[in-house]
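[1] No sequence on hand, only this structure:
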């Protein structure tokens, strides 16, 4: 009897293994026919909420079945850890066609017969960068029309099981899940999977990947699109290949597809900016030896004889100008005539990028059947949180139905709290920036003393000046503060946006976008704005220095200018953010999924089902793309707002984006559950933000060239004050330094020691010497330079803006061939639909249908003629 029991247990275990073996990597129900379109999971925890959760699940699943969905539950005994139940959902044909009509999904009616555009003769050169045609265009191109249940024979339905793609199917099922009721609580009707996830009734809800990413599925009916995406797109070794955008759109939906299309186009356009930036940098490198300013600074007979005033009070000593020889040579790399050219070029490049993206976006809208897509349909859908928290109701003027609303007084209070919170955090950033400035002022004297007295630092003292050492350490400290504040504020921004209770998902995303962007704009760019526009501008002069909080003396620029320090600041913050971002995006999800993969390896493969594998992956949340866009838009700001100071910024951005595309694709394909497909015909509010930054970049770069670089003072000296015909720039350094009598130093500023007995020192400004009747007042040359700077800003802004608006006007938003194709498709689609209606009407007339009149027949034919005429 005991051996019989053992045999029965063996049979049960063998049966379980055989059953699991059949479905180990399957995306079908146990019958092997019905496709799994969605999976819900839950843990049957026996706490005080257990009975309530059980009732919700029963009611919810019962209502799903009433809506026509088919369910199949995997008991927790069948799961790997013995704790999780899985509810598999299948949408039958009747449900799909019903909701395809509701969602206005476009389906094929005829293969596209519009000839493709003329091939580019340079295409043969681009062959190494191309992907196979089957990967780039996984489906034929069709004319499409919105689905209608009454006209099924009109559509190209070859196989009902594959007519709707998996992304369409999961979108339809998700639509039902988000609207399915599960009972009444506290007198209010409750509905939607989001609420059930929030209250712990279900632990997860997700569509399935179609196979494992590293190998094809054994099932011949599986498309293996995930495997194809991984092999052709998500591996870094494919970095030089184009992106399979049609396959991305087919697998993940249009919203994710449009993001990768934008990121790829942005990266392509960066290539041009990077090439021009490298050329400008090489110009500075090759002309370094010809720079008269650095020659004079490095010349022992000129720079070696110029004694500079101390850069801090009491502790700092007098120093010779030629000690900054190497830093002045390096500053010429970025502060030269090419800087002006590159600033103007980038102003035009930004316009070209935005205008050509509009054209690319219009082409995608046509190719992806988004021309008539109304995003307002999604905008009008109320958030479940809004309906849950708003107890009052009023009649909707559009639908004439009662719906919840938030009273105006409540909105005003919430907006006040939200605005105050945002202002507080922005003020906190400014306070942290002031703290970094105080750090700069406080440690400069320490660095100067350390480098003066430490023999081991003497060999590099020419390169690592106290100014540069202070700038580098302050930039690193600033970057650390930026990342800490950013980490905290992300959570604060989500909290205050939730507190505002936005009405729709679109409102929620737009409000969060503006809050996050405003904060990150101030957080990332404030230090660069300080170095570019404030450092060294309000210093005063020896004997009358200006002080911060009446204690710390304001910083001075290097004798060769502040541009090299802005370059240092920009490089550290931009490169640091990109490196940290890629580490965070790649490493964190990989570590989080590590335990799941260990589980899969430590057990037979046939005991680890497809839904369990996906359950162990990370969730790509509703704000997943939001963070990707935000990261790229902040980078866009770095390469446009301050690009005049660092021509290599587009090159850094290009290298980062090549990696970013592969990192994003890798984590989406291998580390995250499959996102629910969503439609979008544009990049949304980010387009307006990019337009705003493009306009602001012209202003900032004009000010950088005028006030931060040394170009305008040099040009004024060249044309108005130079005394040498053979070498117009000789004597510039001496001309740009004013004279100060050491005996005029007040006790607060006077250095403790003057071992060499200097009587005069020099400082960077245009002021009259001590023996002049207008002692230490600004000279006429100062006002000439200021007028030239202001004139330059006005001229540069007007020239660049005129060119920008002219280019924008010249380039139509929609390509002419796309306009023609849209018109042609509309005409042919209408013609096909009208012919179909005419045939139906003829059949009704032949059958003797009383309702089918001759007048109706004539009207239908007349409508066809009118369509042809149009």
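    Received, thanks. Remember, it's a predicted structure, so these values are computed and weren't measured experimentally.
[2] CA atoms for contacts and neighbours, from now on please.
    Noted.
[3] what separates the helix or strand in which residue 525 is found from the chain centre, distance-wise?
    Using DSSP states H and E, the element containing residue 525 is helix 505-533. Taking CA atoms, centre = their mean, to the nearest Å, one finds the center of helix 505-533 at 12 Å from the center of the full chain.
[4] other SSEs contacting it?
    Helix 505-533 is packed against helix 376-379, helix 408-453, helix 466-500, helix 563-592, helix 624-641, with contacts defined by 3 or more CA pairs under 8 Å, 6 or more residues apart in numbering; DSSP states H and E.
[5] what about the residue nearest to residue 202 when sequence neighbours are not counted, which SS state?
    Among residues not flanking residue 202 along the chain, residue 42 sits closest, at 4.6 Å (CA to CA, 6 or more residues apart in numbering). Classification of residue 42 by DSSP: H, G, I helix; E, B strand; the rest coil places it in strand.
[6] Quick check: bridge partners of residue 42?
    residue 85 (DSSP bridges).
[7] Make sure it is actually in contact with residue 86.
    Yes. Between residue 42 and residue 86 there is a contact under CA atoms under 8 Å: 6.8 Å.
[8] The two: which is more packed in?
    Under the criterion of other CA atoms under 10 Å, the comparison of residue 42 against residue 86 puts residue 86 first, with 24 against 20.
[9] Look up how far residue 77 lies from the more buried one.
    Separation of residue 86 from residue 77 (CA to CA, to the nearest Å) stands at 11 Å.
[10] got it, and residue 827?
    Taken as CA to CA, the span from residue 827 to residue 77 is 58 Å.
[11] The two: which has the busier surroundings?
    Neighbour tally, residue 827 and residue 77, criterion other CA under 10 Å: the higher count belongs to residue 827, 17 against 11.
[12] Return the backbone torsion pair for the more buried one.
    Phi and psi for residue 827, reported as degrees, to the nearest 10, are phi -60, psi -50.
[13] center of the chain - which residue?
    residue 629 (1.9 Å; CA atoms, centre = their mean).
[14] all strands of the stretch 751-870 of the chain, in order?
    Secondary structure of the stretch 751-870 of the chain by DSSP state E, counting those that start in this stretch: the strands cover 760-764.
[15] show me where pLDDT drops low in it?
    848-870 (pLDDT under 70).
[16] hmm, 90 instead?
    751-759, 764-765, 804-805, 807-809, 811, 813-870 (pLDDT under 90).
[17] And the helices in it?
    780-810, 816-846, 854-869 (DSSP state H, counting those that start in this stretch).
[18] of all those, which lies closest to residue 233?
    Residue 233 sits nearest to helix 816-846 of all the helices of the stretch 751-870 of the chain, at 27.2 Å, using CA to CA.
[19] In the closest one, which of the residues would be classed as buried?
    818, 821-822, 825-834, 837-838, 841-842, 845 (16 or more other CA atoms under 10 Å).
[20] same check, this time on stretch 504-523
    In stretch 504-523, counting by 16+ other CA under 10 Å, buried: 504-513, 515-517, 519-520, 522-523.
[21] Then stretch 419-429?
    422, 425, 426, 429.
[22] got a list of what the first one touches?
    What that stands for is residue 422. 515, 519 (CA atoms under 8 Å, 6 or more residues apart in numbering).
[23] pLDDT value on it, please?
    We note a pLDDT of 87 for residue 422 in this prediction.
[24] swap in residue 117?
    60.
[25] One more: residue 249?
    94.
[26] now do residue 542
    89.
[27] Could you double-check that it sits in contact with residue 743?
    No. Applying CA under 8 Å as the test, residue 542 and residue 743 come out as separate, 10.8 Å apart.
[28] Pick out whichever of the two has more residues nearby.
    The residue with more neighbours, out of residue 542 and residue 743, is residue 542; 24 against 11, by other CA under 10 Å.
[29] who touches that one in this structure?
    309, 740, 745, 749, 763.
[30] Excluding chain neighbours, what is closest to the first one?
    If you skip the residues right next to it in sequence, residue 309 has residue 761 as its closest partner in space, 5.0 Å away by CA to CA, 6+ apart.
[31] Around the one you found, how many other residues sit close by?
    Residue 761: 20 neighbours (other CA under 10 Å).
[32] and what of residue 335?
    Residue 335 has 27 nearby residues by other CA under 10 Å.
[33] Tell me the spacing between the spatially closest residue to it that is not a sequence neighbour and residue 280.
    Spatial nearest neighbour of residue 335, excluding adjacent residues (CA to CA, 6+ apart): residue 709 at 6.0 Å. Distance, residue 709 to residue 280, by CA to CA: 15 Å.
[34] So for those two, which sits in the more crowded spot?
    Comparing residue 709 with residue 280 by other CA under 10 Å, the one with more neighbours is residue 709, at 27 against 23.
[35] and that one, how far is that from residue 533?
    10 Å.
[36] partners of the closest residue to residue 112 other than its chain neighbours in the sheet?
    Distances taken as CA to CA, 6+ apart place residue 142 nearest to residue 112, at 4.6 Å, with adjacent residues excluded. Residue 142 forms beta bridges with residue 111, as assigned by DSSP bridges.
[37] tell me the contacts of residue 142?
    108, 109, 110, 111, 112.
[38] Surely the first one is in contact with residue 156?
    Yes. Under the criterion of CA under 8 Å, residue 108 makes contact with residue 156 at 5.9 Å.
[39] quick one: the helices in the stretch 151-300 of the chain?
    160-163, 166-177, 193-198, 225-232, 245-252, 254-286, 292-298.
[40] Put together CSV for those helices, with distance to residue 470 on each row.
    Formatted as CSV, those follow (distance: least, CA to CA, whole Å):
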stretch, distance to residue 470
helix 160-163, 64
helix 166-177, 54
helix 193-198, 49
helix 225-232, 46
helix 245-252, 47
helix 254-286, 25
helix 292-298, 21
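[41] Figure out which of those helices is closest to residue 615.
    The nearest among the helices of the stretch 151-300 of the chain, by CA to CA, is helix 193-198 at 14.2 Å.
[42] which strands and helices sit next to the closest one?
    strand 204-206.
[43] Report the distance from the strand it packs on to the chain centre.
    For strand 204-206, the distance to the chain centre is 26 Å (CA atoms, centre = their mean).
[44] Pull up the pairing partners for that strand, direction included.
    Applying DSSP bridges, one finds strand 204-206 paired with strand 38-43 (antiparallel).
[45] orientation of the strand it pairs with relative to helix 166-177 in degrees?
    Going by axes from the mean of the first three to the mean of the last three CA atoms, to 10 degrees, strand 38-43 is angled at 50 degrees with respect to helix 166-177.
[46] I'd like the next helix or strand past strand 38-43.
    Heading C-terminal from strand 38-43 (DSSP H and E), you reach helix 50-66.
[47] average pLDDT for that following helix?
    Across helix 50-66, the per-residue pLDDT values average to 90.
[48] For it, which outside residues touch it?
    Counting by CA under 8 Å, 6+ apart, 44, 70, 71, 176, 177, 180, 181, 182, 183, 200, 201 sit against helix 50-66.
[49] what do you get if the cut-off is 7 Å, keeping everything else the same?
    180, 181, 182, 183, 201 (CA atoms under 7 Å, 6 or more residues apart in numbering).
[50] which among those residues gets closest to residue 492?
    residue 201 (26.8 Å).
[51] Not counting its neighbours along the chain, what's nearest the closest one?
    residue 53 is the one closest to residue 201 (CA to CA, 6+ apart), at 5.1 Å.
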